[in-house]
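1. sequence unknown, structure follows:
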């Protein structure tokens, strides 16, 4: 096991962390009422990239300023930096672990990925005819239609904290064209490859810290009218 060492750059402040849990009636005697302020002017930078803390529901949350100290939710910080946080309600104890945890691999499902509407005709399909490649019948996938030399894309989101993704892409074109594909963010390409008409191809790539939205772009033939797929059945992510 190795210990994570994360360097935080926080604009103009020194920050301390707090953790929000349901304390229960037994903690009432230990609570002290204070007057503090939500600070909307503070910006965070994590490993050189802008970062905003979020709660368990994915909603943005603002830090609290109190007596010249800034407090941010510990769970948000822990998840962003890879630390493990546990809450024991019985003893009112927060445990923080910084050892490298074993990666947890999960298949693509509605629990870990979601479609983001873009400009093209894209979405989620469970059409058996569309998802039959050779003798293999797949059940679910992202898809985008109208793929030609101008390209078409599938946008999707993954859970925050995703570190690595394995994808299986597929392509069909009535004119027999194959396609090239690129997957990445608005700032960088993470993986590229090619896939023949009626075939599948696989790729794996690391996800930059803090990235949750990805774009898979297919580029087909000049006169093509193909459909590109990201097959859920053989795609996965690690966190």
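-> Cool, got the structure. Computed from a predicted model, the values in this text were never measured in an experiment.
2. Give me the local confidence score for residue 88.
-> Per-residue pLDDT puts residue 88 at 78.
3. number of nearby residues for residue 131?
-> Here the number of neighbours of residue 131 (other CB atoms under 10 Å) works out to 21. Bear in mind the C-beta positions are built from the backbone N, C-alpha and C, glycine included.
4. quick one, phi psi at the closest residue to it other than its chain neighbours?
-> Distances taken as CB to CB, 6 or more residues apart in numbering place residue 138 nearest to residue 131, at 4.1 Å, with adjacent residues excluded. Main-chain dihedrals, residue 138, degrees, to the nearest 10: phi -90, psi 170.
5. hang on, isn't residue 138 packed against residue 127?
-> No - using CB atoms under 8 Å, residue 138 is not in contact with residue 127, being 10.2 Å away.
6. Could you double-check that residue 70 lies in contact with residue 63?
-> Yes - here residue 70 reaches residue 63: they are 5.0 Å apart, a contact under CB under 8 Å.
7. Show me which of the two is the more surrounded one.
-> Using other CB under 10 Å, the more surrounded residue of residue 70 and residue 63 is residue 63, with 24 against 17.
8. what's near enough to touch the more buried one?
-> Residues near residue 63 by CB atoms under 8 Å, 6 or more residues apart in numbering: 15, 38-39, 42, 53, 70-72.
9. Report the buried members of those.
-> Listed as buried from these are 42, 53, 70-72; burial here means 16 or more other CB atoms under 10 Å.
10. if we can go back for a sec, of residue 138 and residue 127, who's got more company?
-> Between residue 138 and residue 127, residue 138 has the larger neighbour count (other CB under 10 Å), namely 20 against 10.
11. what's the spacing between that one and residue 112?
-> From residue 138 across to residue 112, the span is 17 Å (CB to CB, to the nearest Å).
12. which residues sit against stretch 152-161?
-> 54, 58, 79-80, 82, 112-122, 142-146, 165, 207, 210, 212-218, 228, 230, 237, 239.
13. try stretch 173-185
-> 147, 167, 169, 171, 189-197, 199, 201, 203, 205, 208, 211, 213-221, 223-228.
14. switch to 7 Å and redo it
-> 147, 167, 169, 171, 189-197, 205, 211, 214-221, 223-226, 228 (CB atoms under 7 Å, 6 or more residues apart in numbering).
15. List just the nearest of the buried ones among the contacts of residue 63 to residue 32.
-> Set against residue 32, the nearest of the buried ones among the contacts of residue 63 by CB to CB is residue 71 (14.3 Å).
16. who does the closest one bridge with?
-> Applying DSSP bridges to residue 71 yields these beta-bridge partners: residue 16, residue 64.
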